[in-house]
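>>> After the sequence you'll find the predicted model.
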Amino acid sequence: MKALFFDIDGTLVNFQGEMQDSTRHALDQVQKNGHKIILCSGRSLCQIYEWLRSMGFDGIIGASGAYVECDGQVIYEHHMEKETLMAVHALLGRVDAYYAAQSKSGIIVKESHRERMLNGFQSMGLKEDVVNQIWKNILIDEQLEHRSDIEKIVFFEAKISVDKIKKQLSEYCDVTRMSFKRPDDNSGEITRAGINKALGIQKYIEYMGIAREDTIAFGDGPNDFDMLEYAQIGVAMGNAIDGLKKRADFVTLGMDDSGIEYALRNFGLL
């Protein structure tokens, strides 16, 4: 039995929220063949498409490793400590970034950031129903930095680069470029230091009693490096960023070119 971990955007679905029929059929067949299929996403639970969750995955790793679910049971959760949130809040305010906090129950923003957030996603050319599905659970909280349920922060249009933000937050956090569509140098994702997709995979396989040697991870973006390196086999999609392709054990076809099915057949799992 293998445990297969799949990023969502740019891997299982395209950036308009569409999954190929070949991917659906491959996931169904590989599961019938006795293997485990697990979502492994930067999205928090509330942001994952309901139709995707209803497909019967054996587990969900959300918020880039801050949330782990196995067969519907939560087995691990991590929330940012107040000291971490205060440091993030202060820095993002200084660099005039607008940002949102992710929790499993909703997306938390300040009122002044809400419209900038939605307009930013719409400017990416996303269909309105995709934006609504991702951001439908928006909660307004002017004191979000004092909350105790925050898993992750995403920020946009900072006045300094992601690398500079990463350096300034290195004591508290891991910072990566935004993994949605085309990464840019001023938008990114922030998790507590040490919280990443690889940790989520580790928590899942330890709970399930699965050997690390029986893991395969599929991804395409900046927050997928750690999970492709942790898994026994790391698969980069044909549409992945160049750096990930160079580090992957195998590069498959693109997400819209039956890349998932192609990889699973290559490994003899279909």
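Happy to help now that I have it. Numbers count the residues shown, from 1 in each chain.

>>> got a list of what Ser44 touches?
Gly62, Ala63, Ala66, Tyr67, Gln102, Ser103, Lys104, Ile107, Glu151, Lys152 (Cβ atoms under 8 Å, 6 or more residues apart in numbering). Just so you know, the C-beta spots here come from the backbone N, C-alpha and C atoms, and that holds for glycine as well.

>>> So which of those are in strands?
Secondary structure from DSSP state E places Gly62, Tyr67, Gln102, Ile107, Lys152 of the contacts of Ser44 in strands.

>>> Closest to Met255 out of those?
For those, the residue nearest Met255 by Cβ to Cβ is Gly62; the value is 19.8 Å.

>>> Beta-bridge partners for the closest residue to Leu12 other than its chain neighbours, please?
Nearest non-adjacent residue to Leu12, counting by Cβ to Cβ, 6 or more residues apart in numbering: Phe6, 5.2 Å away. For Phe6, the beta-bridge partners are Leu39, Phe218 (DSSP bridges).

>>> For stretch 6-19, buried residues please.
Of all the residues in stretch 6-19, those buried under the rule 16 or more other Cβ atoms under 10 Å are Phe6, Asp7, Ile8, Asp9, Gly10, Thr11, Leu12, Val13, Asn14, Phe15, Gly17, Met19.

>>> Repeat that for stretch 261-268.
Buried residues in stretch 261-268, counted by 16+ other Cβ under 10 Å: Glu261, Tyr262, Ala263, Leu264.

>>> List the contacts of the third one.
Listed by Cβ under 8 Å, 6+ apart, the contact set of Ala263 reads Phe218, Val235, Phe250, Thr252, Leu253.

>>> what's the answer for the last one, then?
Under the criterion of Cβ under 8 Å, 6+ apart, the neighbours of Leu264 are Leu4, Ala26, Val30, Leu270.

>>> which SS class is it?
helix (DSSP: H, G, I helix; E, B strand; the rest coil).

>>> begin at 37 from here
I'll keep to 37 as the first residue from here, and by that count the last item is Leu300.

>>> Show residues contacting whichever helix or strand Gly129 is part of.
Assigned by DSSP states H and E, Gly129 belongs to helix 118-130. Contact with helix 118-130 is made by 116, 135, 137, 180-184, 186, 189, 191, 194, 201, 204-205, 207-209, 226, 228, as judged by Cβ under 8 Å, 6+ apart.

>>> could you redo the last one with a cut-off of 10 Å?
With contacts defined as Cβ atoms under 10 Å, 6 or more residues apart in numbering, helix 118-130 is touched by 115-117, 133-135, 137, 146, 149, 179-184, 186, 189, 191-192, 194-196, 200-201, 204-205, 207-209, 211, 226-229.
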